[in-house]
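In: this one's sequence-less:
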Ligand SMILES: CC(C)(COP(=O)(O)OP(=O)(O)OC[C@H]1O[C@@H](n2cnc3c(N)ncnc32)[C@H](O)[C@@H]1OP(=O)(O)O)[C@@H](O)C(=O)NCCC(=O)NCCS
């Protein structure tokens, strides 16, 4: 089996991808791709907004998967289909693994997907999930061929449900899988050059517009955390230096950052924030807020 990008100019392969959506979802989710036109639109859209990977056996399209960036570190898998004549031979699993590696390399931490139950394949169908959808989810059973069992075998877990997504009693089941690596913030990777990151932060600070509020640069730094290949580890370690510095304006910016708590250890954070509060009493409120939120796990 070979897995490659779907080439936009390969019209025959595009058409086969569309046909597979119509054929494979006809009984499982009749509202999804009732016509070849609707399926072609989905293939076009997937090519436009993200990745389309095609599995071929002896040159023929045997299945395909789409994936696109949703928000922050989250990518969505949509859609996923294997030729019914080729199912249960490992193609679906291989397509998922291929997509996981590609999105992880693009910075994804989490791959999500929604899997409808339009035709009563699970215990969530045909019932009123309100007022407590989570109670129904806790008792979820796959009663006959719903793909959630396939996704579970691929390492996904159930994270939620949207009641009535396709009409009363026809929910959408949400699943997620971690595809990125946790990086210890206390150990910046050697690949991101600390000096460069520090110079960048200093440059922005030194050239900030007059009267720019601390929130503005704090927001830029918060956003940068997610843009850097080391998941912001280097930037966050510079932030710790700023919190320990004598420069009140830098302290205030570092203190206003919201994306993560400063310092790997809670005890280190307490020490640094108590010192700031003692030195600049008007910053004490913010320091106490951070300490309380972290202690309460918020
Ligand atoms: C769901 C689908 C993509 C799976 O692809 P596949 O190539 O058949 O799956 P694989 O052969 O890689 O299966 C991997 C594992 O999942 C299991 N599996 C596959 N489909 C399953 C299903 N519907 N129910 C339970 N287990 C399933 C396989 O038995 C295999 O288990 P094993 O490793 O213990 O042997 C494919 O059946 C399909 O296209 N279905 C129609 C469209 C669809 O449902 N798409 C997903 C919508 S969200």
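Out: Alright, I've got the coordinates. Everything numeric here is computed off the predicted structure, so don't read it as measured data.

In: Return the nearest residue of the stretch 151-298 of the chain with respect to the ligand.
Out: residue 153 (4.0 Å; CB to the nearest ligand atom). Where C-beta positions appear, they are placed from N, C-alpha and C, glycine not excepted.

In: host element of residue 75?
Out: strand 74-82 (DSSP states H and E).

In: And for residue 202?
Out: With DSSP H and E as criterion, residue 202 is part of helix 194-206.

In: got the buried residues for that helix?
Out: 194, 197, 198, 201, 204, 205 (16 or more other CB atoms under 10 Å).

In: in the protein, which spans are helices?
Out: 11-25, 36-49, 91-105, 133-138, 148-153, 194-206, 214-225, 233-243, 248-256, 266-279, 284-295 (DSSP state H).

In: Put together CSV for the ones you listed, with distance to residue 57 on each row.
Out: Formatted as CSV, the helices of the chain follow (distance: least, CB to CB, whole Å):
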stretch, distance to residue 57
helix 11-25, 12
helix 36-49, 19
helix 91-105, 8
helix 133-138, 37
helix 148-153, 19
helix 194-206, 46
helix 214-225, 42
helix 233-243, 42
helix 248-256, 55
helix 266-279, 54
helix 284-295, 52
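
In: now the ones you listed in TSV, with mean pLDDT?
Out: Shown next, in TSV, are the helices of the chain (pLDDT from 0 to 100):
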stretch	mean pLDDT
helix 11-25	98
helix 36-49	96
helix 91-105	94
helix 133-138	97
helix 148-153	97
helix 194-206	92
helix 214-225	95
helix 233-243	92
helix 248-256	96
helix 266-279	92
helix 284-295	93
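
In: give the contact list for residue 25.
Out: Contacts for residue 25 (CB atoms under 8 Å, 6 or more residues apart in numbering) come out as 32, 33, 81.

In: Same question for residue 125.
Out: Residues near residue 125 by CB under 8 Å, 6+ apart: 117, 118, 119, 169, 170, 171.

In: Next, the angle helix 91-105 makes with the strand holding residue 75.
Out: 160 degrees (axes from the mean of the first three to the mean of the last three CA atoms, to 10 degrees).

In: Just give me how far strand 74-82 sits from the chain centre.
Out: In terms of CA atoms, centre = their mean, to the nearest Å, the centre of strand 74-82 is set 12 Å apart from its chain centre.

In: tell me which residues of that strand are tucked away?
Out: Per 16+ other CB under 10 Å, strand 74-82 contains these buried residues: 75, 76, 77, 78, 79, 80, 81, 82.

In: Name the residues of the stretch 101-250 of the chain found near the ligand, please.
Out: Counting by CB under 6 Å from any ligand atom, the residues of the stretch 101-250 of the chain close to the ligand are 115, 145, 147, 149, 150, 153.

In: can you put the residues you listed in a markdown table and add distance to residue 56 and neighbour count?
Out: Shown next, in a markdown table, are those (distance: CB to CB, whole Å; neighbours: other CB atoms under 10 Å):
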| residue | distance to residue 56 | neighbour count |
| --- | --- | --- |
| 115 | 25 | 23 |
| 145 | 25 | 13 |
| 147 | 22 | 21 |
| 149 | 26 | 12 |
| 150 | 20 | 19 |
| 153 | 23 | 11 |
